[in-house]
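[1] generate a structure from the sequence data that follows.
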Amino acid sequence: MTNHPNRGKRTAASNPKPEEIKAAREAAKMTQTEAARVVYATLSAWARWEGGQRRMHPAVWELWRQKVAGSRY
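    Down below sits the predicted model:
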């Protein structure tokens, strides 16, 4: 399944790195709870994304960027 968007080389539609997720949230001056609510996720899911225990789906990252970051990330 090399054509799966979550595998292989990084493209525009790839999973963000944990550091990117945390930096975006901090730049938005939000807590993890507030950030999770924006993308309809749980606090534990957001914490796992930032901690590197779980990969954020590219669609969730895109939603975050559109709603909060204005696509500057």
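
[2] can you list the buried residues in stretch 30-43?
    The neighbour-count check on stretch 30-43 (16 or more other Cβ atoms under 10 Å) flags Met30, Gln32, Ala35, Ala36, Val38, Val39, Ala41 as buried. Placement of C-beta: from N, CA and C, glycine included.

[3] closest one of those to Trp49?
    Ala41 (8.2 Å; Cβ to Cβ).

[4] contacting residues around that closest one?
    Ala41 makes contacts with Val60, as judged by Cβ atoms under 8 Å, 6 or more residues apart in numbering.

[5] returning to that earlier point: widest-spaced pair of the buried residues of stretch 30-43?
    Met30 and Ala41 (12.7 Å).

[6] name the nearest residue to the spatially most central residue of the chain, sequence neighbours excluded.
    Nearest to the mean C-alpha position of the chain, by Cα atoms, centre = their mean, lies Trp61 at 4.0 Å. Leaving aside its chain neighbours, Trp61 sits nearest to Pro16 (4.7 Å; criterion: Cβ to Cβ, 6 or more residues apart in numbering).

[7] for this structure, which spans come out with low pLDDT?
    1-12, 69, 71-73 (pLDDT under 70).

[8] if you set the cut-off to 80 instead, what comes out?
    1-13, 69-73 (pLDDT under 80).

[9] tell me which stretches of it form helices.
    18-27, 32-38, 43-51, 58-64 (DSSP state H).

[10] mind putting those helices in JSON lines, distance to Gly70 included?
    Shown next, in JSON lines, are the helices of the chain (distance: least, Cβ to Cβ, whole Å):
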{"stretch": "helix 18-27", "distance to Gly70": "11"}
{"stretch": "helix 32-38", "distance to Gly70": "13"}
{"stretch": "helix 43-51", "distance to Gly70": "20"}
{"stretch": "helix 58-64", "distance to Gly70": "11"}
